[in-house]
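Visitor: Just the structure for this:
(2 chains)
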Amino acid sequence: QSVLTQPPSVSGAPGQRVTISCSGSSSNIGAGYAVHWYQQFPGTAPKVLIAGNDKRPSGVPDRFSGSKSGTSASLVITGLRPGDEADYYCQSYDSSLRASIFGGGTKLTVL
Amino acid sequence: QLQLQESGSGLLKPSQTLSLTCAVSGGSIMSGSYAWSWIRQPPGKGLEWIGYMFDSGSTYYNPSLKSRVTISVDRSKNQFSLRLSSVTAADTAVYYCVRGGRQLVPLFDSWGQGTLVTVSS
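Guide: Just a heads-up that it's a prediction; the model follows:
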């Protein structure tokens, strides 16, 4: 069981907006550690989607946005497209575990 | 453009030692400011950070694996390696070598394609 909790799956119709949550605790997100988000298509390596809570690397569409509040972080995808179907992971650091940690991942389905 | 390529043993028996190498091209491991990392992903499951090494030679390991993990670097070949001892079926996973930033929460921005390691008797 991951220290960062993500919903196993989310879904939405094309054009809609979805939110993927990443829930942590006072020893990770709540302690102020940054959260990064990755997108992974089947059979491929993850790719950076959001860095440092809310920064989009060059080439990432502005349909993707990230935020952090308290002990949680969120990834919002607007204007859903079929090509957004993938697994999404949050990542941070846990001071109790002294380890980089990932959420369990969320599978996005575009209906 | 930085490229990372994993190589090594793909099929192991329980209790053996996993050994993987990551060849880095398009950049130098000694350029500083990076955490040369290993991350794994069991089939159908999520990502697990294994550990990383800085160019200084300092290493940081996931405490859950620390007793079995060694990450080392071969500067002359511009590559770094992973050794994981006493493997069990639970170590079956796709293993990625990854470049991370030097922050406390490293941003893993360049990934190898991954290599599947299967542990089976």
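
Visitor: Any idea what the nearest residue to B:W49 once chain neighbours are set aside is bridged to?
Guide: Leaving aside its sequence neighbours, B:W49 sits nearest to A:S100 (Cβ to Cβ, 6 or more residues apart in numbering or on different chains; 4.1 Å). Yep, even glycine has a C-beta here, placed from its N, CA and C like the rest. Per DSSP bridges, the residues bridged to A:S100 are A:Y93.

Visitor: right, and A:S100 touches B:E48 too?
Guide: No: the pair A:S100 / B:E48 is not scored as a contact, 9.5 Å apart, by Cβ atoms under 8 Å.

Visitor: Quick one: low-confidence residue ranges for chain A.
Guide: Counting by pLDDT under 70, chain A contains no low-confidence residues.

Visitor: What segments of it are strands?
Guide: Here chain A has its strands, by DSSP state E, at A:9-12, A:18-23, A:36-40, A:47-50, A:64-69, A:72-77, A:86-94, A:99-102, A:106-110.

Visitor: Where does pLDDT dip in chain B?
Guide: Of all residues in chain B, none has pLDDT under 70.

Visitor: same thing but at 90, please
Guide: Low-confidence segments of chain B, defined by pLDDT under 90: B:9, B:30-33, B:54-57, B:75, B:102-104.

Visitor: Name the residues of it found near chain A, please.
Guide: B:45-49, B:62-64, B:96, B:103-109, B:111-114 (Cβ under 8 Å from any Cβ of the partner chain).

Visitor: Contact residues of chain A facing chain B?
Guide: Proximity of chain A to chain B (Cβ under 8 Å from any Cβ) is limited to residues A:2, A:33-36, A:38, A:44-48, A:51-52, A:57, A:89, A:91-93, A:97-105.

Visitor: Now the buried members of those.
Guide: With burial judged by 16 or more other Cβ atoms under 10 Å in any protein chain shown, the buried subset of the residues of chain A next to chain B is A:2, A:33-36, A:38, A:45-48, A:51, A:89, A:91-93, A:99-105.

Visitor: quick one, strands of chain B?
Guide: So, for chain B - with DSSP E - the strands run B:3-8, B:11-12, B:18-25, B:34-41, B:48-54, B:59-61, B:69-74, B:79-84, B:93-101, B:108-111, B:115-119.

Visitor: Please tell me how far the most centrally placed residue in chain B sits from chain A.
Guide: Centroid-nearest residue in chain B: B:W38, 2.5 Å away (criterion: Cα atoms, centre = their mean). Look at B:W38 and chain A: by Cβ to the nearest Cβ, to the nearest Å, they are 11 Å apart.
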